[in-house]
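**Student:** With the sequence up front, the predicted model follows.
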Amino acid sequence: MSEPTAPRADVGEVVLRCTGLAKTYAEGRLRTPVFAAVDLEVRAGEMVAIVGPSGAGKSTLLHLLGGLDRASAGEVWVAGERMSALSDADRGRLRNRALGFIYQFHHLLPEFTALENVMMPAMIGGASRAEAARRAEALLERVGLGHRLQHKPGELSGGERQRCAVARALVNRPACVLGDEPTGNLDARTAAAVFALMRELNREAGTSLVLVTHDHGLARQLDRTLELADGRLGPFPGGSA
């Protein structure tokens with residue numbers, strides 16, 4: 001399979017890190033703390049699960065790690081760069097180059113084909129249309145959608161749409177993929193197939209995975225399981241840490 005040419009991180013290299021990360025929502029005089037003083041390091045090729053009760057702030061944490069929201073305190077480094085020191089444009093370029101995102105709902109653009117959806121991050125990153133198409137087609141072949149390149153999301157099954165979203169997240173060969181319940185909207189058999197695909201691509205490309213999930217069975221298959229609860233992130237009791 002042809003792969004995007006971005007350099008892969010060395011084994012053991014920290015690709016994603018946060019220190020003292022905190023988030024508080026403010027409305028008038030009301031302050032609602034979500035979590036405080038979260039520290040995390042994710043190394044190249046590592047797979048980390050984040051579990052915790054609903055409302056604990058798991059999705060918020062993922063958004064802060066991905067630079068999609070601003071922290072109330074603390075710092076995030078992606079591929080060695082401190083997010084808060086970057087302009088909005090540079091932060092966007094870093095996200096495009098170093099991070100991939102997979103959500104519970106695929107968020108594919110309905111007016112574009114599977115191929116065009118997967119091409120988009122590569123083209124935003126500066127690849128030519130021909131190079132973006134080459135990368136996207138190779139990944140769609142890899143995820144079993146080589147025969148569906150010209151189909152739009154509405155013409156794909158739920159599992160096919162999520163596999164397309166996985167391909168899109170990997171098209172720039174990011175250092176780390178952030179997944180927010182990436183299999184939560186799928187039946188058990190399709191969820192297992194999508195997760196197996198993510199693990200396989202993780203092994204092949206060395207891409208790190210940070211997955212928010214309610215599925216403790218899935219979490220146990222990753223290298224580490226952390227729990228976000230009562231505003232703190234720490235080892236999950238009974239899980240790997």
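**Tutor:** Looks like it came in fine. Note that this is a predicted model, so its numbers are computed, not measured.

**Student:** Near Leu201, how many other residues are there?
**Tutor:** 22 (other C-beta atoms under 10 Å). C-betas here are computed from N, CA, C, even on glycine.

**Student:** how far away is it from Asn185?
**Tutor:** To Asn185, Leu201 is 20 Å away according to C-beta to C-beta, to the nearest Å.

**Student:** So which helix or strand of the protein has the lowest pLDDT on average?
**Tutor:** Between all helices and strands in the chain, the lowest mean by mean pLDDT, DSSP states H and E belongs to helix 188-205, at a mean of 81.

**Student:** any chance you could map the helices in the chain?
**Tutor:** Secondary structure of the chain (DSSP state H): helices at 58-65, 88-98, 114-124, 129-142, 158-170, 188-205, 216-219.

**Student:** So which of these is nearest Cys18?
**Tutor:** helix 58-65 (6.3 Å; C-beta to C-beta).

**Student:** elements contacting that closest one?
**Tutor:** Helices and strands touching helix 58-65, as assessed by 3 or more C-beta pairs under 8 Å, 6 or more residues apart in numbering; DSSP states H and E, comprise strand 14-27, strand 30-43, strand 47-51, strand 73-78, strand 176-180, strand 208-212.

**Student:** Now with 6 Å, please.
**Tutor:** strand 176-180 (3 or more C-beta pairs under 6 Å, 6 or more residues apart in numbering; DSSP states H and E).

**Student:** The strand it packs on pairs with which strands?
**Tutor:** Here strand 176-180 is paired, per DSSP bridges, with strand 99-103 (parallel), strand 208-212 (parallel).

**Student:** Can you tell me the centre-most residue of this protein?
**Tutor:** By C-alpha atoms, centre = their mean, the chain has its centre lying nearest to Leu178, at 1.8 Å.
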